[in-house]
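Asks: Kindly generate the corresponding structure for this input.
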Amino acid sequence: MTAITMDEALNRAGAGTYQRRLMGIFGLVWTADAMQVLAVGFTAASIAATFGLTVPQALQTGTVFFLGMLLGAIGFGRLADRIGRRRVLIVTVACDALFGTLSIFAPDFTILLVLRFLTGAAVGGTLPVDYAMMAEFLPAKNRGRWLVLLEGFWAVGTLIVALAAWAASLAEVADAWRYIFAVTALPAIIGIGLRFLVPESPLYLMRSGRGDEAKAIVDRMLVVNGHAQLPAGTSLVTPAPVRATGIFSGELRQRSLMILAIWFLVSVSYYGVFTWMPARLAGDGFGFVRGYGFLVLVALAQLPGYALAAYGVEKWGRKPTLIGFCLLSALGCLLFVMAPFALLIGISLLVMSFALLGTWGALYAYTPELYPTTSRATGMGAAGAMARLGGLLAPSLVGYVVAQGFGLTIGIFAGLLVVAAFAATLINAETREASLA
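Replies: Okay, the predicted model is just below:
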């Protein structure tokens, strides 16, 4: 009897039609999650008008949403390592669709806060498990590029929610936030049924002692990608037992501390900019740099950022690409601070959007590869929790500092991004073309 490793099986299957189908399903829900997250900045003014609140009060929807995401990322990430990725993904997407849809019909602000918290918990659980699972269907030589491409669906969600807010503004509809939430809920509703088409991760199955099920999935992958099934008598090598390792144990401690710090610092900067910017540009703006039309342009600037990150993680490596994008993001922030006129302000915002989303792409490609299969979803969940903690703190930081001037606020973000780049230099692993343990 011949035995091959899971790495060899994935390399034999390659990255083809099977992975493209997975990408379409994961990407649809990733788009939905981006829309739910970024709806915070696009709906605050309308929610305030509906319920007779100030905009800072209305932004409490964002606070409870990020709190829900933080708890969901921790809880569902650990659960996915224990009971499997597939079950958790189906539950979280269903909850995302349910509570996101109910948000449309919230009769008062208190109920809206509860529904946004529950939606946030579902979205928080979806994000880290998505990446852990997609990584486990990909051969090492393609993994980084494909994971960055999955993160690129975040830009699609950003663009859609910006267009929805722009359309609602042009139509001058009452309670525009209800229409925006309706748009954000739709991809998750569609995604529920599609998630049932996604099998369990073969790597997780092998680690769980379910080798026959894993082999059946690998055979299906081979056939769909145009290859012959594994020859009769061929089995998958049962991986050596690995004790479930805490993400702060042994050699994982340093990399966990550094990568989680980066997630937090980048998140504070990203959400600080993108929570403040929609409301600011839709109102007074900076000369011609104003209105939802420019926000659509800012969203479009994210797409080439992802493309460069997808190239960089395979060509230059995960760590150099992450460091480079952190520094470029800081440069965009500093350019904003020093910009003396509207044109340069507009350019700096486009650079920030391009670079910050490239940074996220590199982070999402790098992080799941830093952990073994037994801890991968837990590690991604912890990373997601740090990102949500940053999202929770960012609006408060902006609100506190912005009274001293927008330039000072963005300057602080530049400093945080430089610290993130330094932390990346201290990570003790480069994972380009590395096997998943």
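Asks: Longest helix in the protein, please.
Replies: helix 17-51 (DSSP state H).
Asks: The very next helix or strand once past it packs against which elements?
Replies: As assigned by DSSP states H and E, the chain's next helix or strand after helix 17-51 is helix 55-58. When contacts are defined as 3 or more C-beta pairs under 8 Å, 6 or more residues apart in numbering; DSSP states H and E, helix 55-58 packs onto helix 17-51. (C-beta placed from N, C-alpha, C; glycine too.)
Asks: shaky segments in the protein?
Replies: Residue ranges of the chain with pLDDT under 70: 1, 239-245, 275-293, 341, 395-407, 437.
Asks: Which stretches in it count as strands?
Replies: Secondary structure of the chain (DSSP state E): strands at 2-4, 234-236.
Asks: Pipe the ones you listed into CSV and attach distance to residue 263 and mean neighbour count per row.
Replies: CSV is the format used below for those (distance: least, C-beta to C-beta, whole Å; neighbours: other C-beta atoms under 10 Å):
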stretch, distance to residue 263, mean neighbour count
strand 2-4, 35, 12
strand 234-236, 33, 16
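Asks: closest one to residue 430 among the ones you listed?
Replies: Smallest distance to residue 430 across the strands of the chain (C-beta to C-beta): 26.0 Å, for strand 2-4.
Asks: which one of the strands of the chain lies closest to residue 316?
Replies: Of all the strands of the chain, it is strand 2-4 that lies closest to residue 316, at 30.8 Å by C-beta to C-beta.
Asks: Which residue comes closest to residue 362 once chain neighbours are left out?
Replies: Excluding its sequence neighbours, the residue lying closest to residue 362 (C-beta to C-beta, 6 or more residues apart in numbering) is residue 322, at 4.1 Å.
Asks: Look at the one you found and say how many residues are nearby.
Replies: When neighbours are counted by other C-beta atoms under 10 Å, residue 322 registers 32.
Asks: ok, back up a step: mind putting the strands of the chain into CSV with distance to residue 66?
Replies: Compiled in CSV, the strands of the chain are given as follows (distance: least, C-beta to C-beta, whole Å):
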stretch, distance to residue 66
strand 2-4, 44
strand 234-236, 41
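Asks: For residue 105, find the nearest of the ones you listed.
Replies: strand 234-236 (48.8 Å).
Asks: Within its sheet, name the partner strands of that closest one and how each one runs.
Replies: strand 2-4 (parallel) (DSSP bridges).
Asks: residues in contact with the strand it pairs with?
Replies: 12, 230-231, 233-237 (C-beta atoms under 8 Å, 6 or more residues apart in numbering).
Asks: Closest one of the residues you listed to residue 348?
Replies: Nearest member of these to residue 348, counting by C-beta to C-beta, is residue 12, at 47.2 Å.
Asks: Neighbours of that closest one, how many?
Replies: Neighbour number of residue 12 under other C-beta under 10 Å is 16.
Asks: thinking again about what came up before, and which of the contacts of strand 2-4 is nearest to residue 295?
Replies: The closest of these to residue 295 turns out to be residue 12 (C-beta to C-beta; 45.2 Å).
Asks: In contact with that closest one, which residues?
Replies: 4, 222, 227.
Asks: In this structure residue 274 contacts residue 41, no?
Replies: Yes. Between residue 274 and residue 41 there is a contact under C-beta atoms under 8 Å: 6.1 Å.
Asks: re the thing from before, go through the contacts of strand 2-4 and say which is closest to residue 346.
Replies: residue 12 (49.1 Å).
Asks: how close does that closest one get to residue 202?
Replies: From residue 12 across to residue 202, the span is 13 Å (C-beta to C-beta, to the nearest Å).
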